[in-house]
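*Asks:* please work out how this folds:
(2 chains)
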Amino acid sequence: MRLHELVHARTGDKGDISNISVIAYRAADWPLIEREITSDRVTAHFKEALGGEITRYALPQLCALNFVIRGALTGGVTRSLALDAHGKCLASVLLEMEICPK
Amino acid sequence: MKVVRIGAGAGFQGDRIAPAVDLAERGELDFLVFECLAERTIALAQQARLLDPARGYDPLLERRMRAVLPLCAKAGTRIVTNMGAANPHAGAERVRAVARALGLTGLRIAAVLGDDVLDRIGGHVLDETGAPASALGDRLVSANAYIGVSGIVEALDRGADVVICGRASDPALFLAPLVHSFGWAMDDWTRLGQGTLVGHLLECSAQITGGYFADPGVKHVPGLAHVGFPLAEVSDDGNAVVTKLPGTGGMVTRATCTEQLLYEIHDPANYLQPDVIADFSGVTLDEIGSDRVLISGAKGAPASGKFKVSVGYRDGWVGEGQISYAGANCVARGHLAVELLRERLADAGDGILEDRADLIGCNSVASRRVSGVCEPAEIRLRYATRCRDSETAQRVAEEVESLYLNGPAGGGGVTRSVREIIAIASTLIPAAEVPTMVELMEAQDETA
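*Replies:* Sure, this is the predicted structure:
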């Protein structure tokens, strides 16, 4: 099933670092989210699009994860040639991830 | 128990004005805060100031103040804003002129100065370049430290109705009125952490009331067209209720608050601020009523004693153009156009430092990971370059436009642009090297 059905997400940017929050709609899905949405899976999902190292933080009381991606924004909003230089769209792309609800 | 009501009147330079007017009129606020300064904005403002020493503050300052000053004066609401940008003194002078024109002669306006550290940044090594700022030579445009609450608190303590600062940490714009109102000690790390949480949640205006949130079918936001801006009811212990005005669109829920809690946050347990290292890792968000979320559980630790500095520098020019192709074989024609552009511009050599071609609709934004088939009904080619000089950037834009007559079949709707790049680099500076000063003026005073 698509991650979009289980969580909502938001992208933020600071310099050349992007962060993507991933928040479960239902507390019952939190164990699945916490287990399945690893840094490795996020790295694999974005493939070559995001170069940098990914760190994951968890806030279980809010059923939320936060992924911090360094070097994600081709130099940052002020000098990047990218159309979406802030990387605002990245969270929605992450929600295309397929996960197995077992 | 005393409760301070603090609202957000803007979350970025171009933010909507009507919701701020609504808050000023009906919010019964103690404070209304306008956060209008993005990373790069201050460097652009510095350029405006170089051209005219009376400029360099936010271009929308006058419009926003005209809209809210009479309402805030009537309600006893005090204003805090970073719309001073590169020139808080001139910004405060402008607000004074507006106040006088509106007949608000009793108004006291403060400028908070000291964030501009351009004169002492030269020896500091920049994170991005690995070299001292002085190595940028005459490309160096601006250097501004993210100052904390001290100058703003002093201005409020001295009775300012409107506080105009330049670069300050965004949450500090909200934390300062709370420190002023409750008399929080500057080593009360828990309260400073809680106040930082309030500021962090409110500083992007509608992003916590349903903006940047709607996703049809899964995340419905009622009345988004008339989304209200947020306010917080803050208690002395730093706990707060985030809400919005009755009758406004949007919503304040645990979900909107959670998204905003993590917005532009890295390690939630170490949110580095000038006055405190805030810890949001134990924050709880409880829906206690319709559009009312109780926020609590933030903590804090002593600050590092260093301020982040954003350094603005000229970094070449962007030359860009776009053209559309539609219908049969449109993607192939887009690819051909890119090949033509690269061949025609090959003789620009290292005048073009970097180029990027996007087929909007296929691979332009975040979906570069999608390789292989893409068959949309239409695409828009965007060809963008970073160039050493404006002439080369201009040439790039012209070559895209020339695709009309000299490119693949059926290209239409060309747009083109050329702009200078003001890049931002970062470094740290000891807080002791960044003293702040407050300049207080009354609307009835003669202009200095």
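*Asks:* B:Val318 against B:Arg419, yeah?
*Replies:* Yes: if you go by C-beta atoms under 8 Å, B:Val318 and B:Arg419 touch, sitting 5.3 Å apart. The C-beta positions use only the backbone N, C-alpha and C, and glycine is treated the same way.
*Asks:* so where do the helices sit in the stretch 101-250 of chain B?
*Replies:* According to DSSP state H, counting those that start in this stretch, the stretch 101-250 of chain B carries its helices in the segments B:150-157, B:172-182, B:189-202.
*Asks:* just to revisit the earlier point, more neighbours, B:Val318 and B:Arg419?
*Replies:* More neighbours surround B:Val318 than the other of B:Val318 and B:Arg419, with 22 against 11 (other C-beta atoms under 10 Å in any protein chain shown).
*Asks:* wait, does the strand or helix carrying the more buried one contact chain A?
*Replies:* Assigned by DSSP states H and E, B:Val318 belongs to strand B:306-326. Yes: for strand B:306-326, a contact with chain A is found by C-beta under 8 Å from any C-beta of the partner chain, at B:315, B:318.
*Asks:* swap in stretch B:15-28?
*Replies:* No: using C-beta under 8 Å from any C-beta, we find that stretch B:15-28 stays clear of chain A, coming within 15.7 Å at best.
*Asks:* buried residues, that stretch. List them.
*Replies:* B:15-17, B:19-25, B:27 (16 or more other C-beta atoms under 10 Å in any protein chain shown).
*Asks:* quick one on the thing from earlier: rebuild the helices of the stretch 101-250 of chain B as TSV, extending it with mean neighbour count, mean pLDDT and distance to B:Asn239.
*Replies:* Listed next are those as TSV, based on neighbours: other C-beta atoms under 10 Å in any protein chain shown; pLDDT from 0 to 100; distance: least, C-beta to C-beta, whole Å:
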stretch	mean neighbour count	mean pLDDT	distance to B:Asn239
helix B:150-157	23	98	21
helix B:172-182	26	98	12
helix B:189-202	27	98	7
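*Asks:* please write out the alpha-carbon positions of stretch A:21-39 in PDB.
*Replies:* C-alpha atoms of stretch A:21-39 as PDB (Å, rounded to 0.1, in the frame of the first residue of the first chain):
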ATOM      1  CA  SER A  21       8.500  14.900   8.700                       C
ATOM      2  CA  VAL A  22       6.400  11.700   8.500                       C
ATOM      3  CA  ILE A  23       3.400  11.600  10.800                       C
ATOM      4  CA  ALA A  24       1.000   8.600  11.200                       C
ATOM      5  CA  TYR A  25      -2.700   9.500  10.900                       C
ATOM      6  CA  ARG A  26      -3.600   6.600  13.300                       C
ATOM      7  CA  ALA A  27      -1.700   5.700  16.400                       C
ATOM      8  CA  ALA A  28      -2.300   2.000  15.600                       C
ATOM      9  CA  ASP A  29      -0.100   2.400  12.500                       C
ATOM     10  CA  TRP A  30       2.800   3.800  14.400                       C
ATOM     11  CA  PRO A  31       4.700   0.500  15.000                       C
ATOM     12  CA  LEU A  32       4.500  -0.300  11.300                       C
ATOM     13  CA  ILE A  33       5.700   3.200  10.400                       C
ATOM     14  CA  GLU A  34       8.500   3.100  12.900                       C
ATOM     15  CA  ARG A  35       9.700  -0.300  11.700                       C
ATOM     16  CA  GLU A  36       9.300   0.200   7.900                       C
ATOM     17  CA  ILE A  37      10.200   3.800   7.200                       C
ATOM     18  CA  THR A  38      14.000   3.500   7.800                       C
ATOM     19  CA  SER A  39      16.700   5.900   6.600                       C
END
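*Asks:* what is the burial count for residue 12?
*Replies:* No chain in the question, so chain A it is. The burial count for A:Gly12: 25, using other C-beta under 10 Å.
*Asks:* wrong chain, I was asking about chain B
*Replies:* Considering only other C-beta under 10 Å, B:Phe12 is surrounded by 15 other residues.
*Asks:* wait, it sits on B:Ala38?
*Replies:* Yes: using C-beta under 8 Å, B:Phe12 is in contact with B:Ala38, at 6.3 Å.
*Asks:* and B:Pro408, helix, strand or coil?
*Replies:* Here B:Pro408 is coil, with the state taken from DSSP: H, G, I helix; E, B strand; the rest coil.
*Asks:* hang on, B:His266 packs against A:Asn19?
*Replies:* Yes: if you go by C-beta under 8 Å, B:His266 and A:Asn19 touch, sitting 6.2 Å apart.
*Asks:* which neighbours do those two have in common?
*Replies:* A:66, A:68 (C-beta atoms under 8 Å, 6 or more residues apart in numbering or on different chains).
*Asks:* who has more neighbours, the two?
*Replies:* Higher neighbour count among B:His266 and A:Asn19: A:Asn19, with 26 against 18, using other C-beta under 10 Å.
*Asks:* beta partners of the more buried one?
*Replies:* Beta-bridge partners recorded for A:Asn19 (DSSP bridges): A:Gly12, A:Val68.
*Asks:* do B:Glu233 as well
*Replies:* Counting by DSSP bridges, B:Glu233 is bridged to B:Arg5, B:Val241.
*Asks:* B:Val365 contacts A:His86, correct?
*Replies:* No: counting by C-beta under 8 Å, B:Val365 does not reach A:His86; the two are 10.6 Å apart.
*Asks:* neighbour count winner among those two?
*Replies:* In terms of neighbours (other C-beta under 10 Å), B:Val365 is the more surrounded of B:Val365 and A:His86; the figures are 19 against 16.
*Asks:* mind listing what the residue nearest the centre of chain A touches?
*Replies:* Residue closest to the mean C-alpha point of chain A, counted by C-alpha atoms, centre = their mean, is A:Ile20 at 4.0 Å. The contact partners of A:Ile20, by C-beta under 8 Å, 6+ apart, come to A:9-12, A:42, A:66-67, A:69, A:90-91, A:94.
*Asks:* mind putting these in TSV, distance to B:Met186 included?
*Replies:* Listed next are the contacts of A:Ile20 as TSV, based on distance: C-beta to C-beta, whole Å:
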residue	distance to B:Met186
A:Ala9	36
A:Arg10	32
A:Thr11	33
A:Gly12	28
A:Val42	39
A:Asn66	28
A:Phe67	33
A:Ile69	34
A:Leu90	37
A:Ala91	36
A:Leu94	39
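*Asks:* okay, the helices of the stretch 101-250 of chain B in a markdown table with distance to chain A next?
*Replies:* Formatted as a markdown table, the helices of the stretch 101-250 of chain B follow (distance: least, C-beta to the nearest C-beta, whole Å):
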| stretch | distance to chain A |
| --- | --- |
| helix B:150-157 | 22 |
| helix B:172-182 | 16 |
| helix B:189-202 | 11 |
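*Asks:* and those helices as CSV, adding distance to B:Ser296?
*Replies:* Converted to CSV, the helices of the stretch 101-250 of chain B look like this (distance: least, C-beta to C-beta, whole Å):
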stretch, distance to B:Ser296
helix B:150-157, 23
helix B:172-182, 14
helix B:189-202, 7
